[in-house]
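In: The sequence and its predicted three-dimensional model are supplied below.
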Amino acid sequence: MKCPLRSALLLIAISATLIAQERASFKLDSLWHPTTEMPKASDLTELQNVAFRVIKKRQPEIDGFNWLHGVALAWHDNLLFASFGINKGKENTASEEARSQTSTDGGQTWSSLTMIDDGEEADLAVSHGVFLSHAGTLWAFHGAFYRRLEKVHTRAYTYDSAAKRWQKKGVVAESGFWPMQEPHKMENGDWIMAGLKVVGGVGGLNDPAAVVISKGDDFTTWEVIEIPRQEGLGLWGESTIDVEGSHITCISRKHEPKALVAHSNDYGRTWSPMKPSNLPMAASKPYAGRLSNGQRYLVNTTTANSGNSRSPLTIAVSQPGEASYSKVFCIRNAVFPQGQGESHPKAALSYPYAIERAGRLYIAYSNDGGRGANRNSAELAIIPLDQLNTP
């Protein structure tokens with residue numbers, strides 16, 4: 001005969017475990033601190049002492065380039081590198097190519113354009129990507145495709161500092177993967193890189209977030225891992241990750257103004273389903289990171305009332321060591337006559353990328369100047385880290 005007291009205690013223990021798991025899940029999926037009010041755009045604290053620079057001005061009347069997007073940044077050999085996709089035609093067409101520029105003075109002035117790859121085949125496009133400076137070598141990983149966003153894959157390059165040119169390393173990831181954030185080294189010795197898996201193509205809703213994982217320091221072959229999603233969830237899964245030991249948090253955009261989130265506890269091998277979080281976020285590529293003082297941050301447009309507007313450009317930050325964001329700062333508004341860069345009431349400030357160095361956070365972003373269709377300039381904000389402190 002079963003002991004009623006033992007059975008009751010067992011049920012209590014099971015219930016307590018389930019409640020703890022539910023609370024843990026709630027906490028993990030609460031990207032925004034659940035007891036903190038999300039501010040409206042008009043109530044944001046504006047960052048002070050931010051320096052603004054223009055990396056690449058849009059000037060098709062001079063250089064013929066109509067489209068630019070996906071600015072990335074890296075410090076290497078005391079040079080600041082920027083890269084992006086650029087096109088004399090329209091977005092996601094075969095005339096897209098990858099270019100880079102360098103700055104010797106911390107982003108104040110920039111060199112002329114250097115070719116990374118314009119595609120060795122007539123219908124092959126190479127577009128925007130990400131950087132990795134490691135063991136004395138600067139790597140670049142760029143999304144590439146055929147014709148009109150078909151057969152998407154990732155190609156790698158290394159920079160020859162003596163010759164000041166990029167060397168092709170070929171295709172390193174397939175299955176539709178397009179990188180969106182630089183690789184992060186994990187405690188198990190492998191690297192993980194966040195991105196998008198293009199399945200549905202232009203205008204599709206079947207393009208999930210994905211990561212690729214290396215085999216140690218071999219950057220020439222990456223395994224593509226698609227992140228599962230909540231049933232019925234359609235998305236254009238441009239994603240970013242935060243790495244903490246074996247635990248990886250992936251944040252992705254969707255078509256509605258809400259950040260999506262998924263988690264892995266085994267170095268990115270398996271994932272919880274991607275699902276909506278409690279963080280409002282414009283449908284634009286997000287960029288997450290962690291400052292040297294332990295603060296997590298997320299750059300995008302995250303306010304209570306901005307919806308899918310890609311302005312103002314904001315940075316959400318956590319308290320040092322905390323998992324959820326609890327403060328949002330305004331980096332800049334669409335109308336910005338006091339600084340360098342384009343100013344327009346309908347300007348879209350999007351696709352951010354960030355890197356920390358010497359007490360400053362460098363944030364690159366696209367600015368369409370109100371033109372639409374990602375006919376962008378490439379711009380840069382340089383933020384003193386003490387401006388991001390939370391009370």
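Out: Great, that's in hand.

In: Could you check how far residue 208 is from residue 254?
Out: 11 Å (Cβ to Cβ, to the nearest Å). Where you see a C-beta, it was placed from the backbone N, CA and C, and this is true even at glycine.

In: joint contacts of the two?
Out: Common contacts of residue 208 and residue 254 (Cβ atoms under 8 Å, 6 or more residues apart in numbering): 235, 237.

In: Now residue 318: closest residue in space that isn't a chain neighbour?
Out: residue 296 (4.3 Å; Cβ to Cβ, 6 or more residues apart in numbering).

In: now do residue 294
Out: residue 320 (3.7 Å).

In: Now do the same contact list for that neighbour.
Out: Counted by Cβ under 8 Å, 6+ apart, residue 320 has contacts 293-295.

In: Return the member of the residues you listed nearest to residue 46.
Out: Ranked by distance to residue 46 (Cβ to Cβ), these are led by residue 295 at 18.3 Å.

In: tell me, how many neighbours does that closest one end up with?
Out: 20 (other Cβ atoms under 10 Å).

In: likewise residue 214?
Out: 21.

In: Kindly report the same for residue 281.
Out: 27.

In: Residue 208 touches residue 235, doesn't it?
Out: Yes - Residue 208 lies in contact with residue 235 (Cβ atoms under 8 Å); the separation is 6.7 Å.

In: Give the residues shared as contacts by the two.
Out: With Cβ under 8 Å, 6+ apart, residue 208 and residue 235 have common neighbours 229, 274.

In: list the contacts for the closest residue to residue 340 other than its chain neighbours?
Out: Counting by Cβ to Cβ, 6+ apart, residue 52 is the residue found nearest to residue 340 once chain neighbours are left out, at 4.5 Å. Applying Cβ under 8 Å, 6+ apart to residue 52 gives the contacts 332, 336, 339-341, 379-382.

In: Quickly find the element holding residue 52.
Out: strand 51-56 (DSSP states H and E).

In: can you pull the alpha-carbon coordinates of that strand into CSV?
Out: Extracted in CSV, the C-alpha atoms of strand 51-56 (Å, rounded to 0.1, in the frame of the first residue of the first chain):
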residue,chain,number,x,y,z
ALA,A,51,30.7,62.1,-31.0
PHE,A,52,29.0,61.5,-34.4
ARG,A,53,30.9,60.8,-37.6
VAL,A,54,30.0,59.9,-41.2
ILE,A,55,31.8,56.7,-42.5
LYS,A,56,30.4,56.7,-46.0
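
In: what about stretch 93-113, start to end distance?
Out: Using Cα to Cα, to the nearest Å, the end-to-end distance of stretch 93-113 comes to 20 Å.

In: in this structure, which segments are predicted with low confidence?
Out: 1-28 (pLDDT under 70).

In: How many neighbouring residues does residue 264 have?
Out: 21.

In: Which residues does it form beta bridges with?
Out: residue 248 (DSSP bridges).

In: do residue 380 as well
Out: Beta-bridge partners, per DSSP bridges, of residue 380: residue 53, residue 364.

In: same check, this time on residue 290
Out: Applying DSSP bridges, one finds that residue 290 bridges with residue 296.

In: re the thing from before, ok, which pair from the contacts of residue 52 is furthest apart?
Out: Maximum distance among the contacts of residue 52 (Cβ to Cβ): 14.9 Å, for 336 and 382.

In: List the contacts of the closest residue in space to residue 245 that isn't next to it in sequence.
Out: Leaving out its chain neighbours, the residue that sits closest to residue 245 by Cβ to Cβ, 6+ apart is residue 187, at 5.8 Å. When contacts are counted by Cβ under 8 Å, 6+ apart, residue 187 touches 245-246, 267.

In: from the chain's centre, how far out does stretch 96-108 sit?
Out: Computed by Cα atoms, centre = their mean, to the nearest Å, the chain-centroid distance of stretch 96-108 equals 18 Å.

In: In it, which residues are buried?
Out: Neighbour-count burial for stretch 96-108 flags 96-103, 106-107 (criterion: 16 or more other Cβ atoms under 10 Å).

In: what's the most distant pair in those residues?
Out: 96 and 106 (28.9 Å).

In: just the contacts of residue 320 now: which is nearest residue 121?
Out: residue 295 (44.7 Å).

In: Compare residue 336 and residue 382 and say which is more crowded by neighbours.
Out: Between residue 336 and residue 382, residue 336 has the larger neighbour count (other Cβ under 10 Å), namely 21 against 17.

In: That one belongs to a strand, doesn't it?
Out: No - read with DSSP: H, G, I helix; E, B strand; the rest coil, residue 336 is coil and lies in no strand.

In: Just list the residues touching it, thanks.
Out: So residue 336 contacts 52, 343, 347 (Cβ under 8 Å, 6+ apart).

In: how near is the spatially closest residue to residue 78 that is not a sequence neighbour to residue 80?
Out: Excluding the flanking residues, the one nearest residue 78 by Cβ to Cβ, 6+ apart is residue 104, at 8.0 Å. According to Cβ to Cβ, residue 104 stands 8 Å off from residue 80.

In: Next, residue 202: phi, psi?
Out: Main-chain dihedrals, residue 202, degrees, to the nearest 10: phi -60, psi 130.

In: Tell me, how many residues neighbour it?
Out: Counted with other Cβ under 10 Å, residue 202 comes out at 12.
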